[in-house]
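>>> return atomic coordinates for the entry below.
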Amino acid sequence: MSMTVRDVMTTDVASVHQDASFHVVAELLIDRGVSGVPVVDDDDRVQGVVSEADLLAKEEFKERYYGDDYRPPLRARLRHAFGGEGSGFYKAKGETAGQLMSAPAHVITPDASVVQAARLMDSRGVKRLPVVDADGRLVGIVSRLDLIRVFVRDDEEIRSQVMESVADTAVWSPPDAVTVRVSDGVVILSGVVTRHTEAIAVARMAANVDGVVAVRDKLAWKHDDVVDIPVWGGA
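Model prediction:
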């Protein structure tokens, strides 16, 4: 089974109410040693996320001298516009978490896979995702660091899961046809399977197991059936 957000998320999550003051938000970030926290309403539903970058807008837009009309670089303006962060100038005027936060929040559910979480973080350019239940209420938070935890899984745990995938994939070969070794997350496959397509499928399945850093494929096969597979778009 693939690891889910529930397996790696933090449940002791710091959050602030949307009416919390700038000072309260700043103190919470410092006290908890985090770079951002979810913003919730009266029903604990996530409304957005407020980060240290949101607070720093108040310093960024301060007038250094009379007539100083600061304008962020184009790249920063585009990031704010397309990333849901909102205007830095507007946030510089904010006094509450609701006025400072980036909204709407990019959230995820506990049952989502860590792969989905990683892809969502990358596509949205965020470092953390509030985790919500079916009603949108906050139940935890998952960060990039949490997702990296999948790569420190025990080698024997990884090996057991790879062996399960081998049994489901190499159906034309004897049960002991494939030998699996794992060292620091690197999977080494060896042995002789019946078909070339089985060898390809086994290596791909092994690579998709959570926590696998790399796959060293040393498998051999008795029958090369790859040439029998039609190629899409071929003549």
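
>>> which residues in this structure form strands?
With DSSP state E as the criterion, the chain has strands at 16-17, 36-40, 46-51, 128-132, 138-143, 178-183, 186-195, 214-223.

>>> which one of those lies nearest to Ser165?
With C-beta to C-beta, the closest approach to Ser165 among those belongs to strand 178-183: 9.5 Å. In short, each C-beta sits where N, CA and C put it, glycine included.

>>> circling back: can you put the strands of the chain in a markdown table and add mean neighbour count and distance to Ala97?
Below are the strands of the chain laid out as a markdown table (neighbours: other C-beta atoms under 10 Å; distance: least, C-beta to C-beta, whole Å):
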| stretch | mean neighbour count | distance to Ala97 |
| --- | --- | --- |
| strand 16-17 | 20 | 5 |
| strand 36-40 | 25 | 5 |
| strand 46-51 | 24 | 5 |
| strand 128-132 | 25 | 13 |
| strand 138-143 | 22 | 13 |
| strand 178-183 | 18 | 45 |
| strand 186-195 | 18 | 44 |
| strand 214-223 | 15 | 43 |
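
>>> how about those strands, which one is nearest Glu27?
Once the strands of the chain are compared by C-beta to C-beta, strand 16-17 is nearest, at 10.0 Å.

>>> partners of the closest one in the sheet?
strand 36-40 (parallel) (DSSP bridges).

>>> partners of Leu129 in the sheet?
Assessed by DSSP bridges, Leu129 has beta-bridge partners Val142.

>>> for it, give me the pLDDT.
On the pLDDT scale, Leu129 is placed at 97.

>>> which residues touch Ala134?
By C-beta atoms under 8 Å, 6 or more residues apart in numbering, the contact list for Ala134 reads Thr109.

>>> now it: how far from Val40?
16 Å (C-beta to C-beta, to the nearest Å).

>>> Val186 contacts Val213, correct?
Yes: the pair Val186 / Val213 is scored as a contact, 5.3 Å apart, by C-beta atoms under 8 Å.

>>> what comes up buried for stretch 12-23?
Buried residues in stretch 12-23, counted by 16 or more other C-beta atoms under 10 Å: Val13, Ser15, Val16, His17, Gln18, Ala20, Phe22.

>>> which one among these gets closest to Thr194?
Val13 (50.2 Å).

>>> picking that back up, just put the buried residues of stretch 12-23 in TSV and tack on pLDDT and distance to Asp31.
TSV is the format used below for those (pLDDT from 0 to 100; distance: C-beta to C-beta, whole Å):
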residue	pLDDT	distance to Asp31
Val13	93	14
Ser15	96	13
Val16	97	12
His17	97	16
Gln18	97	19
Ala20	97	13
Phe22	93	15
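
>>> ok, those vs Val114, which is closest?
Using C-beta to C-beta, the shortest approach to Val114 within those belongs to Val13, at 17.4 Å.

>>> so who does the closest one touch?
Remark: with contacts taken as C-beta under 8 Å, 6+ apart, Val13 is in contact with Val37, Pro38, Pro130, Leu138, Gly140, Ile141.

>>> contact partners of the lengthiest helix in the chain?
Ordering each helix of the chain by length in residues (DSSP state H) puts helix 155-169 first. With contacts defined as C-beta under 8 Å, 6+ apart, helix 155-169 is touched by 1, 175, 178, 180-185, 187, 198, 201-202, 205-206, 208-212.
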